Each structure stands twice: as C-alpha cells, then as structure tokens.
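1. I'd like to go over a predicted model; first the sequence, then the structure.
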Amino acid sequence: MPPDARTRDIRRVLAPEIRGRSAAPRIIMFHGGVLDGRIYMTTLDENMQFMGATLEPAAVLPSALRQRPFVEAALFWFNPRWEPYAADTVLLRTLRPEWAQGARLYLGDRQNLPLFDYNSALANPGLRSIAAVGLEILKRHAVPVYADSPAR
C-alpha cells in the first residue's frame with residue numbers, strides 16, 4: 001500500500017536526521033592496540049550517532065597506516081542477542097572480541113586525522129573519516145583519539 005500524504009511528510013522531515021543512522025551495533029567494544037583494558041559503548045542512540053559519523057570514505061592508502069597507533073573495535077550487531085549484555089555490566093565484561101565484527105580506530109596525530117577502518121563492512125567497506133560528533137562521543141568514553149594529545 002502506498003504511503004499516505006502524512007507518512008510522506010514525516011519521511012521528508014525526518015529523512016535528513018536519520019540518513020546514515022538506520023543501523024548500529026548494540027555494543028561497541030574498544031580494546032587492544034594502545035588501549036589498556038576495554039571500553040564499552042552500550043547506548044544504542046549513541047552508537048547510531050557514532051556509526052553515522054563514520055560514513056565518509058577517507059582517501060588514505062593502507063600503507064600509510066602501518067606505523068600509526070590504533071585501537072581495535074568489536075561491533076556487536078543483532079540487538080536482541082546482545083541486549084542482556086548491554087543491560088548487565090558483569091555480563092558485559094564476559095564478551096569476547098572474536099564474537100563480533102572487527103574494525104579498527106587509527107589514532108590521529110599532528111598531521112593526520114583519526115580514521116575508522118571498517119574493512120569488515122558488508123556494504124561499502126574501507127577506511128572512513130570520523131566527523132566531529134563521532135570524535136566527541138569517543139572522547140566522552142575516554143577512547144583515545146589522538147596519539148600526541150589524548151585531550152585534543
């Protein structure tokens with residue numbers, strides 16, 4: 001059945017807001033690399049905002065990343081399966097990165113911006129730039145973003 005005029009109006013108003021935010025992992029775990037311990041992002045709306053901030057491809061050759069510091073990321077998709085983990089911090093700490101889709105956060109420095117390596121993506125895999133809102137989310141969770149100055 002075709003959408004009525006009201007539905008079309010709602011889509012037109014909301015489309016710019018939700019574009020690129022239709023899917024997000026239920027949990028994002030940062031671990032390994034230069035990070036001691038693990039950091040978890042468990043708020044679905046925030047995870048949607050972060051993933052939406054990583055939509056732009058980055059024009060960087062993979063060879064340029066060999067010496068850059070990084071943090072591994074584990075993306076736990078399929079919301080119902082991971083919901084109990086997101087709601088219980090004891091259970092959350094039992095998650096293993098190999099249960100998730102892998103990604104990598106390359107830290108920025110004085111000459112380079114941080115990048116999100118999402119080569120495991122099924123659609124449009126590759127290196128992605130991170131918009132300011134995504135960097136702010138990472139900083140709020142104390143995920144390292146820049147190698148030369150964590151508070152930058």
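-> Great, that's in hand.

2. isn't Ala100 right next to Arg81, touching?
-> No - counting by Cβ atoms under 8 Å, Ala100 does not reach Arg81; the two are 10.9 Å apart. Yep, even glycine has a C-beta here, placed from its N, CA and C like the rest.

3. and those two? Which one has more around it.
-> A side-by-side neighbour count of Ala100 and Arg81, using other Cβ atoms under 10 Å, places Ala100 first with 19 against 11.

4. how about that one, nearest residue that isn't a chain neighbour?
-> With Cβ to Cβ, 6 or more residues apart in numbering as the criterion, Ala100 has its nearest non-adjacent residue at 3.6 Å, and that residue is Ala74.

5. for the one you found, grab phi and psi.
-> Here is the backbone geometry of Ala74 (degrees, to the nearest 10): phi -120, psi 120.

6. how near is it to Asp109?
-> 24 Å (Cβ to Cβ, to the nearest Å).

7. neighbour count: those two, which is higher?
-> Ala74 (22 against 15).

8. and the pLDDT at the more buried one?
-> Ala74 carries a pLDDT value of 97.

9. tell me the contacts of Thr54?
-> Listed by Cβ atoms under 8 Å, 6 or more residues apart in numbering, the contact set of Thr54 reads Phe116, Tyr118, Arg128, Ser129, Ile130, Ala131, Gly134.

10. run the last query once more with 10 Å
-> Residues near Thr54 by Cβ atoms under 10 Å, 6 or more residues apart in numbering: 20, 103, 105, 115-118, 121, 127-131, 134.

11. any idea how far it is from Leu115?
-> According to Cβ to Cβ, Thr54 and Leu115 sit 9 Å apart.

12. who touches both of those two?
-> Listed as contacting both Thr54 and Leu115 by Cβ under 10 Å, 6+ apart are Leu105, Leu127, Arg128, Ser129, Ile130.

13. tell me the strands beside the stretch of helix or strand the first one belongs to, with direction?
-> When elements are defined using DSSP states H and E, Leu105 is found to belong to strand 101-106. Its sheet considered, strand 101-106 pairs with strand 70-76 (antiparallel), strand 115-118 (antiparallel) by DSSP bridges.
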